[in-house]
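> could you work out the structure for the sequence below:
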Amino acid sequence: ARGSAKLKEIVAAVDGLTVWGGDATVAEFRSLPKKPRSVELYFPDRTSSAAIEASAYSALETEQKTKLARDFFNDTYLVDQNACSSPSQIFWLGEPAAIAKAKVDFWHHLDEELHRQDFRLDTVARLDKFLDLMNAIRTTGGTLALNRYSPDIWCIGQSLPKETRLRFGQFAEIDVQAPSDIAAFLRPQEQTLTYFG
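Sure, this is the predicted structure:
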């Protein structure tokens, strides 16, 4: 267990150490005594985003939209958005009318996938989802544009402070006209930008 005497003993004796955890876990392990030549590899908190070109998405056949929804489900809901490459920000590229149409269609296909997978959040995760949302509201000064596409798909229609954590089917949706516009919204801990179109 973290903080135990046995763990400290093991860390002090090893030649190499890999730590996969949040920033707090990384900070704790960095502070522990180690051999002078011990090799250390850390994986602290990471965030990821996805970019979808609206007209390319709208041009897909229904079965392709279903496959994309399944792939998105696997990258997000299947792991509660805790994987390093799970997006919490979704960038929609294109003209406003095309984006509006693509959003409704994309989230509809994702909702169908949630039903196919019989997806349900457990009680603790559902409470954490509300707490994450309340924290996002707090960091924005008390206002938030929230779109609930379904009970399990919540999209915040604005960028959020870089430290905001979104999980359990919550996403920040940001409309942009060109890929170069995305750079302004990337966070310091950004690891992956998944894209379609």
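> show me where pLDDT drops low in this protein?
1-2, 44 (pLDDT under 70).
> tell me the SS of the residue of it most remote from its centre?
Distance from the C-alpha centroid of the chain peaks at residue 36, with 36.3 Å (C-alpha atoms, centre = their mean). Following DSSP: H, G, I helix; E, B strand; the rest coil, we place residue 36 in the coil state.
> residues in contact with it?
Not one residue lies near residue 36 by C-beta atoms under 8 Å, 6 or more residues apart in numbering. Backbone N, C-alpha and C define where each C-beta goes, glycine included.
> can you give me phi and psi for the closest residue to residue 157 other than its chain neighbours?
Closest residue in space to residue 157, ignoring its immediate chain neighbours: residue 145 at 3.9 Å, by C-beta to C-beta, 6 or more residues apart in numbering. Backbone torsions of residue 145, given as degrees, to the nearest 10, read phi -90, psi 110.
> OK, contacts around residue 145?
156, 157, 158.
> now render these as CSV, adding distance to residue 22.
Shown next, in CSV, are these (distance: C-beta to C-beta, whole Å):
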residue, distance to residue 22
156, 22
157, 27
158, 25
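> now list the buried members of these.
Buried members of these, scored by 16 or more other C-beta atoms under 10 Å, are residue 156.
> and the contacts of residue 145, which is closest to residue 114?
residue 156 (18.5 Å; C-beta to C-beta).
> what is the closest one paired to in the beta sheet?
Beta-bridge partners recorded for residue 156 (DSSP bridges): residue 146, residue 172.
> touching, it and residue 174? I think so.
No. Between residue 156 and residue 174 there is no contact under C-beta atoms under 8 Å: 9.4 Å.
> now do the helices in this structure.
5-13, 23-31, 54-58, 62-75, 96-116, 123-139 (DSSP state H).
> for residue 48, which of those helices is the nearest?
helix 62-75 (8.7 Å).
> if we ignore the residues flanking it in sequence, what's nearest residue 103?
Residue 103 sits nearest to residue 92 (C-beta to C-beta, 6+ apart), 6.3 Å away.
> quick one: contacts for the one you found?
51, 52, 54, 99, 102, 103, 173, 174, 175, 176.
> can you list contacts of stretch 122-132?
80, 121, 154, 164, 165, 166, 167, 168, 169, 170.
> repeat that with 6 Å
Contacts to stretch 122-132, defined as C-beta atoms under 6 Å, 6 or more residues apart in numbering, come from residues 165, 166, 167, 168.
> if anything else comes up later, I'll come back, but that's it for now.
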